[in-house]
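sequence and predicted structure below; questions after.
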Amino acid sequence: MLPQSLKGIIRQMLSDVNTPRALTVHLLIENEEFGQLVNLKVDPAHYDNPDHFWLDYQVTELLRKCADLPTGIDTKAVALEGFHAAERQCAQTNFRLQPILENLPMGALEYRAWDFSRDAKRLVTEILGHLPMTLDRSRFGPGATFTDKGRLTTVPHKMQSQPSVTSDAKVFESFWTETSWFRALAQEFPDRSAPLVVRGNRFTTVPKDATKDRGIAIEPSLNVFFQLGVGSLLRSRLSKFGIDLDEGQSTHRRMACEASQTGQLATIDLSSASDTVCTNLVKLLLPSHWYEVLNSLRSPTTDVDGRTHHLQKFSSMGNGFTFELETLLFTAICHQAIVATGATPIVGVNFSVYGDDIIVPTESAAEVLAYLGFFGFKANQRKTFVDGPFRESCGGDFFKGIAVRPFYLKEIPSTAEDWISFANGIRRSASQQLPEFFDPRFKKTWFKILDQIPTAIRKLRGPVSLGDIVIHDHRSTWKMKTSKGITKIMVYSSQASKISLRKFRPLTQLAAALYGIPSDGIAPRGALRRYRIRVTTVLWQ
């Protein structure tokens, strides 16, 4: 059941919105039909007014991503079935691409794909350029590895544990032995300095939304260390081509906004994109020397519920280069599909790719989708828009040029910081068309949310730029003090409990410091956070 406090807030919102869709949502919540609620959709094609659409969009989507909503859905089972479904899809695509890879007799469709793939591979080769002589961009990831679990996943913890590696990735071990990490381990823990050879990664799930968990793979530690280095290199090479993965989201939002006004661009999103990049596609489109590097670093198997599964996909979520690799492949496929329609793709103008968020000319969209389908990908129909007044990409939702992104409540709020985030999210959604204007239809809802916050914390108001350490409100409500030209404001912020570097051996301390770990220590994932009211400096732009 939903807590009564949250139910009361949602009732207020639905009452103030007062549309037929709001009534539908109200009835589903009152009858606890949460499974139906999270599958409810709002079709922008049924609207001609941005405001009417936004209201229904907000009440429909509010709880859809709430991972702890009591839907009765076994979200882990859904994720596991998604893993196997993606593997079946990859197996079919591998089979379909095999004749093209081996120059076997082909029909007209396969021959056309063979010709297309040659052009796409030329573009990939141009983007990638030469192989580097070293992997000096390699780094640690923030989470668990095959042999580093729980709270023992900070950089110094990983430096003191026995590394894990797949047999194919051992060819990169010479790069590792040149690091201060290896030297510290070899001297302080020589019995751990020989990496543990494992078959591949391990499947697990993390919360995603109310309907399913996200399946991810926990990689061997040396594999992911070098995977992240390769991912950084791919990111750099893509940037030279114009695909900027550091600032790409803002580019996509701008283009999606323009597309919702002109209709000249289509926004495409793919279902389970990273899990459906099959091995043969990577072999087909990458130069052989690049393919060998990436193939050596990937995990060829996944342990699923204690059983070893030989992968049909090339790399999973959790692999350090998956995001950059899928961006590269989709860039090449979509670029060549646009060319095939007679249009000229210009990155940032009529074409862009950010992971599986894709923007292409509307007149080329059918060709793009057809080639993506042949190479094993399916459009997410809920998030793909080729016509009509709505476009969506990289967290930007627009209807006829008007921002209509809803706020998603991702967990049932229970703490002051949760309620602050909820209040700010509702205010952000209700102010996005005009940042200085807070839609009055949501003010009662906003005040009801604030009622859940202790009085002392409720007084901490401030600018949007400070995020959720203040409650966003008009400047007249901010608790500011200015002295000697420096403006300070009262906020509610947290500090995570840190593990001092002194807890580790001397050479590990040195290696961690050289890596960039601050001298006052590092906070493990999931560390206890202490919240308090304090003063912070406001930097005005």
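Ah, there it is.

assign residue 98 to helix, strand or coil.
Secondary structure assignment for residue 98 (DSSP: H, G, I helix; E, B strand; the rest coil): helix.

check which helices and strands the lowest-mean-pLDDT helix or strand in the chain sits against.
Ranking every helix and strand in the chain by mean pLDDT, DSSP states H and E puts strand 480-483 at the bottom, with a mean of 84. If contacts are counted by 3 or more C-beta pairs under 8 Å, 6 or more residues apart in numbering; DSSP states H and E, strand 480-483 sits against strand 486-496. No exception for glycine: its C-beta is placed from N, CA and C like everyone else's.

buried residues, the strand it packs on. List them.
489-493 (16 or more other C-beta atoms under 10 Å).

and the next element down the chain from it?
For strand 486-496, the following helix or strand on the C-terminal side (DSSP states H and E) is helix 506-515.

can you list the strands that whichever helix or strand comes after that next one pairs with?
Per DSSP H and E, the first helix or strand lying C-terminal to helix 506-515 is strand 529-537. Sheet partners assigned to strand 529-537 using DSSP bridges are listed as strand 486-496 (antiparallel).

and the spatially closest residue to residue 300 that is not a sequence neighbour, how far is that from residue 423?
Distances taken as C-beta to C-beta, 6 or more residues apart in numbering place residue 200 nearest to residue 300, at 5.5 Å, with adjacent residues excluded. Here residue 200 is placed at a distance of 45 Å from residue 423 (C-beta to C-beta, to the nearest Å).

show me the strands in the stretch 201-350 of the chain, by range?
Under the criterion DSSP state E, counting those that start in this stretch, the stretch 201-350 of the chain contains strands at 201-207, 213-218, 265-269, 301-304, 307-310.

circling back: redo the buried residues of strand 486-496 as a markdown table? Include pLDDT.
Shown next, in a markdown table, are those (pLDDT from 0 to 100):
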| residue | pLDDT |
| --- | --- |
| 489 | 93 |
| 490 | 92 |
| 491 | 94 |
| 492 | 94 |
| 493 | 90 |
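
circling back: export the strands of the stretch 201-350 of the chain to JSON lines and tack on mean pLDDT, distance to residue 144 and mean neighbour count?
Output for these, formatted as JSON lines (pLDDT from 0 to 100; distance: least, C-beta to C-beta, whole Å; neighbours: other C-beta atoms under 10 Å):
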{"stretch": "strand 201-207", "mean pLDDT": "95", "distance to residue 144": "8", "mean neighbour count": "19"}
{"stretch": "strand 213-218", "mean pLDDT": "95", "distance to residue 144": "5", "mean neighbour count": "22"}
{"stretch": "strand 265-269", "mean pLDDT": "98", "distance to residue 144": "28", "mean neighbour count": "24"}
{"stretch": "strand 301-304", "mean pLDDT": "97", "distance to residue 144": "14", "mean neighbour count": "19"}
{"stretch": "strand 307-310", "mean pLDDT": "96", "distance to residue 144": "19", "mean neighbour count": "11"}
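
out of those, flag the one nearest residue 177.
Set against residue 177 and scored by C-beta to C-beta, those come closest in strand 201-207, at 23.1 Å.

which residues touch that closest one?
Under the criterion C-beta atoms under 8 Å, 6 or more residues apart in numbering, residues 67-68, 75-76, 79-80, 83, 146, 213-220, 223, 299, 301-305, 309, 316, 318-319 lie in contact with strand 201-207.

helix, strand, or coil at the nearest residue to residue 382 once chain neighbours are set aside?
Excluding the flanking residues, the one nearest residue 382 by C-beta to C-beta, 6+ apart is residue 41, at 6.8 Å. The three-state assignment at residue 41 reads coil, by three-state DSSP.

try residue 398
Residue 398 ends up strand, using three-state DSSP.

what about it, how many residues nearby?
27 (other C-beta atoms under 10 Å).

identify the residues contacting it.
Shown in contact with residue 398 (C-beta under 8 Å, 6+ apart): 256-257, 259-261, 390-392, 404.

are any of those buried, and which?
Applying 16+ other C-beta under 10 Å to the contacts of residue 398 flags 256-257, 259-260, 390-392, 404 as buried.

for those, which one is nearest residue 50?
For those, the residue nearest residue 50 by C-beta to C-beta is residue 404; the value is 6.0 Å.

contacts only, for the closest one.
Counting by C-beta under 8 Å, 6+ apart, residue 404 makes contact with 50, 53-54, 57, 390, 397-398, 432.

for the helix or strand residue 175 falls within, output the C-alpha coordinates as PDB.
In this assignment (DSSP H and E), residue 175 forms part of helix 173-176. Extracted C-alpha coordinates of helix 173-176, given in PDB (Å, rounded to 0.1, in the frame of the first residue of the first chain):
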ATOM      1  CA  GLU A 173      48.500  -8.000 -17.800                       C
ATOM      2  CA  SER A 174      51.800  -6.400 -18.800                       C
ATOM      3  CA  PHE A 175      50.100  -3.000 -18.800                       C
ATOM      4  CA  TRP A 176      48.800  -3.700 -15.300                       C
END
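
hey, what's the angle from the next helix or strand after it to helix 506-515? Just curious.
Following helix 173-176 in sequence order, the next helix or strand is helix 180-188 (DSSP H and E). Angle between the axes of helix 180-188 and helix 506-515 is 180 degrees (criterion: axes from the mean of the first three to the mean of the last three C-alpha atoms, to 10 degrees).

report the buried residues of helix 180-188.
Of the residues in helix 180-188, 180-182, 184-185, 188 count as buried by neighbour count, 16+ other C-beta under 10 Å.

so where's the protein uncertain?
539-541 (pLDDT under 70).

ok, the nearest residue to residue 390 once chain neighbours are set aside - contacts?
Counting by C-beta to C-beta, 6+ apart, residue 44 is the residue found nearest to residue 390 once chain neighbours are left out, at 3.6 Å. Applying C-beta under 8 Å, 6+ apart, we find residue 44 in contact with 53, 385, 388-390, 399.
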